[in-house]
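S.K.: Sequence and predicted structure are below.
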Amino acid sequence: MAPPSARRCSRLCLRLVLILLVLSTMLVLLSTVVFLLNPSSALSWALGSPQQVLAPAPDPGAYGGTSDCHCDDKGRQGQWNILYHLGGNSPWIQKIDDVVEGGFDPPKGCAVDMIHMMSRHGERYPTVNAGARMIKLLERVKAAGTPLKGSLEFLNEWKYFSETPGDHFEQLTTTGPYSGILQAFSTGVKLSTRYRHLMNFNDSAPPTYLWAGDVTRVVDTARYFSTGFFGLNSKHAKVIPVSEAADLGGNTLTPGETCLNNNLDIIKGHDNGYTQLYKFQSSYLPTISQRLLLENPTLEFTPSEIYSMQELCGFETLVRGSSPWCSVFTPAEWDSFEYARDVIHYYRSGPGNPYSRAMGWLWLNATTNLLVEGPMRAGPMYFSFVHDGDIVPLLSALGLFNDAHDLPVTHVEARRKWKTSQVTPMGGRIILERMTCGDDEQYVRINVNDGIVALDGCDSGPGKSCPLERFKEYVEKSGKEAGDFREVCGLGKDAEEGIRFLRQPGYGGYEQ
Ligand SMILES: *[C@@H]1O[C@H](CO)[C@@H](O)[C@H](O)[C@H]1NC(C)=O
Ligand SMILES: *[C@@H]1O[C@H](CO)[C@@H](O)[C@H](O)[C@H]1NC(C)=O
């Protein structure tokens, strides 16, 4: 008879083996369920097998709440992902670089009591200009009439992703796993799950306003988002189109249009974005042109045509879920494309544009006033829908991702902070969260595409948040440095000073 200790061990070991067995069975079952439930892989099956692994698996943690899994894209795939190199031409992606550890759930002892979102419109077709360049390129290839070889061989069979391009330019995409309408809707669902506690379902509660720049794709985004967040034709929500007219001074969501100097100053204003882009393009595109010429010696592509090919990768992905164009270029060539997109944003409406901070400060100032007023007086939720060119100035005003030196245009500056791919993808959004922690202390936290980013010089709060009082001072200081919008932009004293419409109805101080 074995001694009691050995008997105990054998019983214990048996139990261990049993537990292990049960656990591994559960794992197998779980992975089967996850596999079956994974709509992105199911969709990519339905749409034909993609050239690259593009679709990240849906992450239950993305909805917020109790999940502690904030597994990111790199973690899941462990491989180079084209979507992180498209500089704003990609579907929405999560920010994973330079984010505060611990995910976006509020830190222990804190609760979000107010949110202010500024979001880019959802995934769209190319703009008229970019699209026209793509069509022209394709027509020229067709007219050449020679079958292509090598990395462009697919083009012999390939068709542009719209039968009626003119009807689609600028509009949200409506097909595939990355369609703009689907993404806007599911973002609404995602955020209403995360911020459910801020919603007031009382029948007599006033509707929550959602403000949207008055062009179709932006208003559509707000409507799909609102449907996901509040439900179909909900009386709890109202989308308010906001004019993008150039004569509204500071009372606008789209200051790039109303800042006169930004449009007139062809050296330092928004035109400089293209000037610097062309300079950088000439540093990398001719080499690609030479490479492709080796494969098809009778057809030489201009640098601008190569750039269009790179743009086709993202835009086809937004319609079809994947694109053979993405495989034409090497990772190093994608790094250059990514940088080219960073350069244009940087000089067109970012820190490389002297009007940028004053433009971005308008919304920041209005929002900071509301954060200080708090949810009881100002209402708990604010949503604004705009363009990437309106989000980039907000980054300048917040002093996020600022580099010590302007971006060079002779080569890729690999160590830059200014990377737009994870900040202004299609549907890209910045949410300023007001948190109350412990003994009624208020903090502000910045969520950029579901990555929390810390403010340089104001991150002493829980989860690197910024104490509300300090945030107010920080924004005031930024406003002083930015200068008065009317003055900086060359508008008269009778122009509107700032944003007046951003206020939820039914709360104290509402005027209209
Ligand atoms: C709903 O709102 C009205 C007006 O604000 C208020 O009088 C009423 O008590 C609220 N009802 C509930 C159930 O909270
Ligand atoms: C900024 O906010 C202050 C209130 O703190 C307001 O008086 C001022 O008009 C605002 N300025 C702009 C440009 O929005």
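M.R.: Here it is on my side, so go on. Ligands and ions are numbered 1, 2, ... in the order given.

S.K.: Flag every residue of the protein that's near ligand 2.
M.R.: Gly250, Leu362, Asn365, Ala366, Asn369, Phe485, Glu497, Gly498, Ile499 (CB under 6 Å from any ligand atom). To be clear about C-beta, it is placed using only N, CA and C from the backbone, and glycine gets the same treatment.

S.K.: Can you add distance to Cys466 and neighbour count and give these back as a markdown table?
M.R.: What follows is the residues of the chain next to ligand 2, written out as a markdown table (distance: CB to CB, whole Å; neighbours: other CB atoms under 10 Å):
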| residue | distance to Cys466 | neighbour count |
| --- | --- | --- |
| Gly250 | 25 | 24 |
| Leu362 | 20 | 29 |
| Asn365 | 16 | 21 |
| Ala366 | 18 | 20 |
| Asn369 | 16 | 17 |
| Phe485 | 24 | 27 |
| Glu497 | 26 | 15 |
| Gly498 | 22 | 19 |
| Ile499 | 22 | 23 |
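
S.K.: Just give me the neighbour total for Ser304.
M.R.: Ser304 has 13 neighbours, counted by other CB atoms under 10 Å.

S.K.: In space, what's closest to it - neighbours in sequence excluded?
M.R.: In space, and not counting its chain neighbours, Ser304 is closest to Arg133: 6.8 Å by CB to CB, 6 or more residues apart in numbering.

S.K.: what about the residue nearest to Thr317 when sequence neighbours are not counted, how many neighbours?
M.R.: Among residues not flanking Thr317 along the chain, Ser323 sits closest, at 4.9 Å (CB to CB, 6+ apart). Per other CB under 10 Å, the neighbour tally for Ser323 reads 24.

S.K.: what residue ranges in this structure score low on pLDDT?
M.R.: Flagging of the chain using pLDDT under 70 yields the residue ranges 1-78, 509-512.

S.K.: For whichever residue of the stretch 401-512 of the chain sits closest to ligand 2, which non-adjacent residue is spatially closest?
M.R.: Nearest to ligand 2, among the residues of the stretch 401-512 of the chain, is Gly498, at 2.2 Å (CB to the nearest ligand atom). With CB to CB, 6+ apart as the criterion, Gly498 has its nearest non-adjacent residue at 4.4 Å, and that residue is Gly250.

S.K.: can I assume the residue of the stretch 401-512 of the chain closest to ligand 2 is in contact with Thr367?
M.R.: No: under the criterion of CB atoms under 8 Å, Gly498 is not in contact with Thr367, lying 11.1 Å apart.

S.K.: ok, back up a step: gap between the residue nearest to Gly498 and Asp265?
M.R.: 18 Å (CB to CB, to the nearest Å).

S.K.: Domain ranges for this protein, per the record?
M.R.: 84-124+172-270+349-488, 128-170+271-343 (automatic domain parsing).

S.K.: Can you give me the distance of the residue nearest to Thr317 to Cys458?
M.R.: 41 Å.

S.K.: thinking again about what came up before, these two touch, right, the residue nearest to Thr317 and Glu311?
M.R.: No: the criterion here is CB under 8 Å, and Ser323 misses it with Glu311 at 10.5 Å.

S.K.: just the strands in the stretch 201-350 of the chain please.
M.R.: 208-213, 237-242 (DSSP state E, counting those that start in this stretch).

S.K.: show me where the chain has strands.
M.R.: 110-120, 208-213, 237-242, 381-386, 429-437, 441-448, 451-453, 466-467 (DSSP state E).

S.K.: Taking the stretch 301-450 of the chain, what residue is nearest to ligand 2?
M.R.: Asn365 (3.8 Å).

S.K.: Would you check how far apart that residue and Pro425 are?
M.R.: 26 Å.

S.K.: same question, Val475
M.R.: 26 Å.

S.K.: Kindly report the same for Leu191.
M.R.: Distance from Leu191 to Pro425, by CB to CB: 16 Å.

S.K.: Tyr224 is in contact with Phe185, correct?
M.R.: Yes: in this structure Phe185 lies within contact range of Tyr224 using CB under 8 Å: 4.6 Å.

S.K.: which residues sit in contact with the most centrally placed residue in the chain?
M.R.: Nearest to the mean C-alpha position of the chain, counting by CA atoms, centre = their mean, stands Gly428 at 1.7 Å. Going by CB atoms under 8 Å, 6 or more residues apart in numbering, Gly428 touches Gly88, Trp92, Ser119, Arg120, Asp388, Ile391, Val448, Asn449.

S.K.: In contact with the closest residue to Glu300 other than its chain neighbours, which residues?
M.R.: Leaving aside its chain neighbours, Glu300 sits nearest to Leu293 (5.5 Å; criterion: CB to CB, 6+ apart). Going by CB under 8 Å, 6+ apart, Leu293 touches Leu299, Glu300, Phe301.

S.K.: Please pick the buried ones from these.
M.R.: Phe301 (16 or more other CB atoms under 10 Å).

S.K.: which one of the contacts of Leu293 sits closest to Val343?
M.R.: Phe301 (21.2 Å; CB to CB).

S.K.: Against Ser151, how distant is the closest one?
M.R.: In terms of CB to CB, Phe301 sits 12 Å off from Ser151.

S.K.: okay, and the common contacts of the two?
M.R.: Leu292.

S.K.: Helices along the stretch 351-500 of the chain, start to end?
M.R.: 356-373, 375-378, 388-398, 468-482, 485-488 (DSSP state H, counting those that start in this stretch).

S.K.: Just send the ones you listed back as a markdown table, with distance to Gly145 too.
M.R.: Putting the helices of the stretch 351-500 of the chain into a markdown table (distance: least, CB to CB, whole Å) gives the following:
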| stretch | distance to Gly145 |
| --- | --- |
| helix 356-373 | 47 |
| helix 375-378 | 64 |
| helix 388-398 | 38 |
| helix 468-482 | 55 |
| helix 485-488 | 54 |
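
S.K.: Out of the ones you listed, which is closest to Trp80?
M.R.: helix 388-398 (23.8 Å).

S.K.: If you count contacts, what does the closest one end up packed against?
M.R.: Applying 3 or more CB pairs under 8 Å, 6 or more residues apart in numbering; DSSP states H and E, one finds that helix 388-398 contacts strand 110-120, helix 255-258, helix 331-348, helix 356-373, strand 429-437, helix 468-482.

S.K.: residues of stretch 347-365 that come out buried?
M.R.: Neighbour count says stretch 347-365 has 347-365 buried, by 16+ other CB under 10 Å.

S.K.: Let me fix that, I meant to ask about stretch 457-467.
M.R.: Result for stretch 457-467 [16+ other CB under 10 Å]: buried residues Cys458, Asp459, Gly461, Pro462, Gly463, Lys464, Ser465, Cys466, Pro467.

S.K.: Now that stretch - C-alpha only, PDB.
M.R.: What follows is stretch 457-467, C-alpha atoms only, in PDB (Å, rounded to 0.1, in the frame of the first residue of the first chain):
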ATOM      1  CA  GLY A 457       3.700  67.600 -20.500                       C
ATOM      2  CA  CYS A 458       0.300  66.600 -19.100                       C
ATOM      3  CA  ASP A 459       0.100  63.000 -18.200                       C
ATOM      4  CA  SER A 460       0.200  62.800 -14.400                       C
ATOM      5  CA  GLY A 461      -3.300  61.400 -14.100                       C
ATOM      6  CA  PRO A 462      -4.400  57.700 -14.000                       C
ATOM      7  CA  GLY A 463      -3.500  55.900 -17.200                       C
ATOM      8  CA  LYS A 464      -1.400  58.900 -18.300                       C
ATOM      9  CA  SER A 465      -4.500  61.100 -18.500                       C
ATOM     10  CA  CYS A 466      -4.300  64.900 -17.900                       C
ATOM     11  CA  PRO A 467      -6.000  66.500 -14.900                       C
END
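
S.K.: Next one: Val488 from Pro91, what distance?
M.R.: Val488 is 35 Å from Pro91, by CB to CB.

S.K.: These two: who's more crowded?
M.R.: Between Val488 and Pro91, Pro91 has the larger neighbour count (other CB under 10 Å), namely 26 against 20.
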